[in-house]
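S.K.: Got a predicted model here, sequence first, then my questions.
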Amino acid sequence: SQQGEEDPQALSIQEGENATMNCSYKTSINNLQWYRQNSGRGLVHLILIRSNEREKHSGRLRVTLDTSKKSSSLLITASRAADTASYFCATPASGGSYIPTFGRGTSLIVHP
Amino acid sequence: DAGVIQSPRHEVTEMGQEVTLRCKPISGHNSLFWYRQTMMRGLELLIYFNNNVPIDDSGMPEDRFSAKMPNASFSTLKIQPSEPRDSAVYFCASSPPSAVTEAFFGQGTRLTVV
C-alpha cells in the first residue's frame, strides 16, 4: 500500500526559481527518502532524513520533516532545466521491515 | 559496479503468452524489490526478498504473477498468462544490509501486452 503522497501532482516553473514539493504520510516512520526519476529511467536516491532530524541539506536540495504533521517537503533552489523530472517520497511500509513505498510523485518541469 | 541490471529493457508480447523479467542486483546487496509503475496506480511494490527469501508478496496482483530468487545475484518475475492490463514498467531495486538505507533501481522493463 502507498503511504506517502506527494503534492502538487505537477509543477511548472522557470529556470532560476525555487521548486517546493510536499509529501504527506499516514503512520509513524523512522525515516523518509526522496527520489528522482527522469523520463524513461529508474529512480535515483536524492536524500534520506531520519525521524529525529528536522532539516537536511544536499547541494541545492533542502528537505524538512515534521513528524507531528506527518509531512515532509523537498525544496530545490535555483532550479535548472536539468532538474525536470518526477520526484517521489518514500516511506517504510507499515508493519515493520524496511520496504520503501512510494507515492505517485510530483512531475516538475523547469522551463529554460 | 554496473548497478542493478534488468533485462529485457522492452518486451512486447501477445495476450496469453508467458513473460519473464530478469534482474541482477548489486553485488553485496541482500534486499531485492520488484515494483510496477503505471500512470493509474503509480509505483506499486510487488514483492520483497531478503537474503533470497520472499518476505512480503502481498503486492503480487494475482496467481498469474510469480517471483523467484534462486541466488543472491539473480531474480525473475514471471507473468503467465499475460494480459493487456499487465502492461507497465517493471522495476527491480536492491539495497545493502542496513536498517535504514536507500534502494538502488534498475532501468526498468517496459512491458506491453497486446
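M.R.: Perfect, thanks for sending it.
S.K.: Spatially central, which residue of chain B would that be?
M.R.: B:Trp34 (3.2 Å; Cα atoms, centre = their mean).
S.K.: Which residue, other than its chain neighbours, is closest to it?
M.R.: Leaving aside its sequence neighbours, B:Trp34 sits nearest to B:Leu46 (Cβ to Cβ, 6 or more residues apart in numbering or on different chains; 4.3 Å). In short, each C-beta sits where N, CA and C put it, glycine included.
S.K.: Now the one you found: which helix or strand?
M.R.: Following DSSP states H and E, the helix or strand that holds B:Leu46 is strand B:42-50.
S.K.: Dump whatever helix or strand comes next after that strand to CSV, restricted to CA.
M.R.: Next in sequence after strand B:42-50, counting helices and strands by DSSP H and E, comes strand B:53-56. Taking Å, rounded to 0.1, in the frame of the first residue of the first chain, the C-alpha atoms of strand B:53-56 are listed here in CSV:
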residue,chain,number,x,y,z
VAL,B,53,13.8,-15.4,0.8
PRO,B,54,10.4,-13.8,-0.2
ILE,B,55,9.4,-11.8,2.8
ASP,B,56,6.4,-9.8,1.6
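S.K.: now strand B:53-56, how far from the centre of its chain.
M.R.: 13 Å (Cα atoms, centre = their mean, to the nearest Å).
S.K.: returning to what we had before: ok, the residue nearest to B:Trp34 - how many residues close by?
M.R.: By other Cβ atoms under 10 Å in any protein chain shown, the residues close to B:Leu46 number 20.
S.K.: my guess is it contacts B:Leu77, does it?
M.R.: Yes. The pair B:Leu46 / B:Leu77 is scored as a contact, 7.1 Å apart, by Cβ atoms under 8 Å.
S.K.: Touching both of those two, which residues are there?
M.R.: Shared contacts of B:Leu46 and B:Leu77, defined by Cβ atoms under 8 Å, 6 or more residues apart in numbering or on different chains, comprise B:Trp34, B:Phe65, B:Ala67, B:Tyr90.
S.K.: what sits against the first one?
M.R.: In this case it means B:Trp34. B:Cys23, B:Leu45, B:Leu46, B:Ile47, B:Ala67, B:Ser75, B:Leu77, B:Tyr90, B:Phe91, B:Cys92.
S.K.: Which helix or strand contains it?
M.R.: Going by DSSP H and E, B:Trp34 is in strand B:31-38.
S.K.: show me the contacts for whichever residue of chain B sits closest to chain A.
M.R.: Per Cβ to the nearest Cβ, B:Phe105 is where chain B lies closest to chain A, at 3.4 Å. Contact analysis of B:Phe105 by Cβ under 8 Å, 6+ apart lists A:Gly42, A:Leu43, A:Val44, B:Val4, B:Phe91, B:Cys92, B:Ala93.
S.K.: Buried subset of those residues, written for ChimeraX?
M.R.: Selection of buried members from the contacts of B:Phe105 for ChimeraX, criterion 16 or more other Cβ atoms under 10 Å in any protein chain shown:
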select /A:42,43 /B:4,91,92,93
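S.K.: Looking at the contacts of B:Phe105, point me to the pair that's furthest apart.
M.R.: Greatest spatial distance among those (Cβ to Cβ): A:Val44 and B:Cys92, at 14.5 Å.
S.K.: returning to that earlier point: for the residue of chain B closest to chain A, give me the pLDDT.
M.R.: Looking at B:Phe105, its pLDDT is 96.
S.K.: so how many other residues sit close to residue 58?
M.R.: Assuming you mean chain A. 11.
S.K.: look at chain B instead
M.R.: With other Cβ under 10 Å as criterion, B:Ser58 counts 11.
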